[in-house]
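**Student:** sequence unknown, structure follows:
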Ligand SMILES: [Zn+2]
């Protein structure tokens, strides 16, 4: 009731076109620049990268990651998930570093994975864990990024009886995702597909730490 009143008082407006009624309207989601190149990942059978990390998609991801605007997880997840064509036994988030989760109070990849799992009507399994802290990837060149995330993950729990969908917010060089895929396959998961909301620019960012690119 209160929520409906607040919506009436302060309606959501689309980040793309300022239309009222949604955080991102369907029209803007359909017309947002999509990522169409060959994905930079190996090991995954299917890779779904939703958008280019630019414009209002970038803005929505920054609001989700750094401004506590958790509701963008739902709108972004539902903007990409309809493009998935396979079924999975579970959706698995690629966990953010513990220090960053502690600072923010939540993990945006988990929020996204939960929304994708709800859309696909399968469970969200948080079995992929980080085994150690890693340096923010954006500060590093490609080789340093690969070394930085080597053996940074482990699978903690029973092995799902079927393929899983690994979900993350942003991918740049793909080093972190590739390491996570490798960890899942080594653990014995038969098939790993990937869904990422957006692919970042691989050129150095003006403020890489803020962008949190990896
Ligand atoms: Zn719009």
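**Tutor:** Noted; the coordinates are in hand. Computed from a predicted structure; not experimentally measured. Numbering: from 1, shown residues only.

**Student:** Go ahead and list the helix or strand containing the residue found closest to residue 42 once you drop the neighbours it is linked to in the chain.
**Tutor:** Nearest non-adjacent residue to residue 42, counting by Cβ to Cβ, 6 or more residues apart in numbering: residue 178, 6.0 Å away. No exception for glycine: its C-beta is placed from N, CA and C like everyone else's. In this structure, residue 178 is located in helix 175-187 according to DSSP states H and E.

**Student:** how about whichever helix or strand comes after that helix: buried residues?
**Tutor:** Where DSSP H and E defines the elements, the next helix or strand beyond helix 175-187 is strand 192-199. By 16 or more other Cβ atoms under 10 Å, the buried positions in strand 192-199 come out as 192, 193, 194, 195, 196, 197, 198, 199.

**Student:** which secondary structure elements does strand 192-199 contact?
**Tutor:** Helices and strands touching strand 192-199, as assessed by 3 or more Cβ pairs under 8 Å, 6 or more residues apart in numbering; DSSP states H and E, comprise strand 47-52, helix 55-66, helix 71-80, strand 164-171, helix 175-187.

**Student:** Which among these is found nearest to residue 129?
**Tutor:** helix 175-187 (9.4 Å; Cβ to Cβ).

**Student:** what sits up against the closest one?
**Tutor:** Helix 175-187 is contacted by residues 40-44, 92, 94, 128, 134, 137, 142, 145-146, 148-155, 159, 164, 166, 168, 171, 192, 194, 196, 214 when judged by Cβ atoms under 8 Å, 6 or more residues apart in numbering.
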